[in-house]
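1. dropping a prediction and its sequence here:
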Amino acid sequence: MMNNHAKTAILDRFNVTQSNFLGSGMEAEVYALSDHKVLKVYNHMSDLNKQWSLKEFYAGINSDGLGYELPYIYDVFLENGILVTTEKRIEGSNMRSLLSDMSFNEQSKMMKIYLKAHLELQQIKGKSTIKGFVLFDGPGMSSIKIDNWYDVLKEKIRQKTPELMRYFKRDIVDYERKLNDLMKILSKGYKGVYSLIHGDFFPGNLLINTSSQVTGLIDFGLMTMYGDPLFDIAIGWVCFDMYDEFHSNIRERYLNIILSTLGEGVRKELYFYVLVYSFITANFYSGDCSDGHYQWCVENINNKNYWNAL
């Protein structure tokens with residue numbers, strides 16, 4: 001919980017008022033400082049080390065040729081015990097907020113724009129953007145030998161297993177067999193091309209202008225990695241309308257666009273990465289697996305079509 005008195009003192013220091021409020025996310029409130037800068041005031045869900053790592057990460061990305069902007073952090077500091085950053089302001093509205101007012105054809109057009117933005121990100125291939133294979137190591141990750149991106153996914157699943165096992169055993173058909181099958185595939189190692197993976201590529205993190213042009217991609221973080229670009233495509237597919245809020249059959253429609261663009265051969269990898277993502281993130285938002293995201297992950301893992309494709 002953010003201390004309102006301390007927050008007010010921060011806003012006063014920067015001559016910011018509620019009229020400058022731009023929005024809020026899970027971690028921070030965002031205020032306009034100027035036409036080119038924003039002030040972010042963070043809650044307890046972030047910390048100084050994370051933001052310094054992000055600052056270094058953003059500064060190291062060579063985005064020349066990318067058709068949209070990526071974040072940039074100018075400064076990171078603590079003020080009255082509250083974490084604050086000043087960052088580059090990227091114009092545009094998040095795509096998620098606009099989809100519900102779009103027609104069927106407009107949504108389909110936006111899916112193509114969304115996929116194009118996904119594919120553009122793959123041109124960032126320099127491993128110097130991330131030390132190793134993950135932006136944030138997480139507990140115990142830095143203490144083991146990681147030689148391959150699949151090793152990262154294996155370790156993330158292994159670390160999650162004790163937390164999720166009793167829930168998964170209750171809700172997933174043939175849970176242990178499915179877990180073993182997934183780990184066997186990952187044990188073979190990843191042999192494909194590498195590029196930057198955003199890890200949370202969904203419409204809420206993509207900014208577009210009034211001409212439907214993508215202006216920015218924001219909120220790199222916990223799942224940002226260096227590995228198979230199809231991982232991002234897969235997560236972007238199932239997260240475009242994650243919980244079917246638009247009731248427009250978007251998952252099937254967007255899958256058809258992906259397959260018509262990249263070819264039927266990627267279907268297996270897309271299904272595989274959705275399963276991996278579901279095993280890793282099932283308790284991201286609820287430690288006792290009592291929320292809708294957990295149920296969504298269970299539905300994915302119980303999807304026979306995904307497993308049959310493997």
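-> Here it is on my side, so go on. Numbering: from 1, shown residues only.
2. please count neighbours and contacts with C-alpha atoms only from this point.
-> Fine.
3. W52 touches V76, doesn't it?
-> Yes - if you go by Cα atoms under 8 Å, W52 and V76 touch, sitting 6.7 Å apart.
4. quick one: low-confidence ranges for the stretch 101-250 of the chain?
-> 125-128, 138-144 (pLDDT under 70).
5. would you map the strands across it?
-> 195-197, 206-208, 214-217, 225-227 (DSSP state E, counting those that start in this stretch).
6. what about the ones you listed, which gets the closest to I235?
-> strand 195-197 (10.3 Å; Cα to Cα).
7. and the contacts of the closest one?
-> Strand 195-197 is contacted from outside by 121-127, 223-229, 231-232, using Cα atoms under 8 Å, 6 or more residues apart in numbering.
8. give me the distance between the residue nearest the centre of the chain and L222.
-> Nearest to the mean C-alpha position of the chain, counting by Cα atoms, centre = their mean, stands D200 at 1.0 Å. Distance, D200 to L222, by Cα to Cα, to the nearest Å: 8 Å.
9. and if you look at G263?
-> From G263 to L222 the distance is 29 Å (Cα to Cα).
10. neighbour count winner among these two?
-> Between G263 and L222, L222 has the larger neighbour count (other Cα atoms under 10 Å), namely 15 against 11.
11. thought the more buried one was touching F201?
-> No - if you go by Cα under 8 Å, L222 and F201 don't touch, sitting 11.9 Å apart.
12. ok, for S100, nearest residue in space, not its chain neighbours?
-> F246 (6.3 Å; Cα to Cα, 6 or more residues apart in numbering).
13. list the contacts for the nearest residue to G192 once chain neighbours are set aside?
-> For G192, the nearest residue in space outside its immediate sequence neighbours is D228; the separation is 6.7 Å by Cα to Cα, 6+ apart. By Cα under 8 Å, 6+ apart, the residues touching D228 are 192-195, 197.
14. and those, which are buried?
-> The neighbour count (16 or more other Cα atoms under 10 Å) marks 194-195, 197 as buried among the contacts of D228.
15. closest one of those residues to K40?
-> Of these, the one sitting nearest to K40 (Cα to Cα) turns out to be I197, at 23.9 Å.
16. that older thread, out of the contacts of strand 195-197, who's the most crowded?
-> That'd be M225 among those, by other Cα under 10 Å, with 29 neighbours.
17. any idea how far E56 is from it?
-> For M225 relative to E56 (Cα to Cα), the value is 15 Å.
18. could you do D291 as well?
-> Relative to E56, D291 is positioned 34 Å away (Cα to Cα).
19. wait, I218 sits on I208?
-> No - counting by Cα under 8 Å, I218 does not reach I208; the two are 11.5 Å apart.
20. more neighbours: those two, which one.
-> I208 (24 against 18).
21. any idea how far the residue nearest to the more buried one when sequence neighbours are not counted is from G204?
-> Closest residue to I208 apart from its sequence neighbours, by Cα to Cα, 6+ apart: V214 at 4.2 Å. V214 sits 12 Å away from G204 when distances are taken as Cα to Cα.
22. same question for G221.
-> Distance of G221 to G204, given as Cα to Cα: 14 Å.
23. cool, L196 as well?
-> Counting by Cα to Cα, the gap between L196 and G204 amounts to 19 Å.
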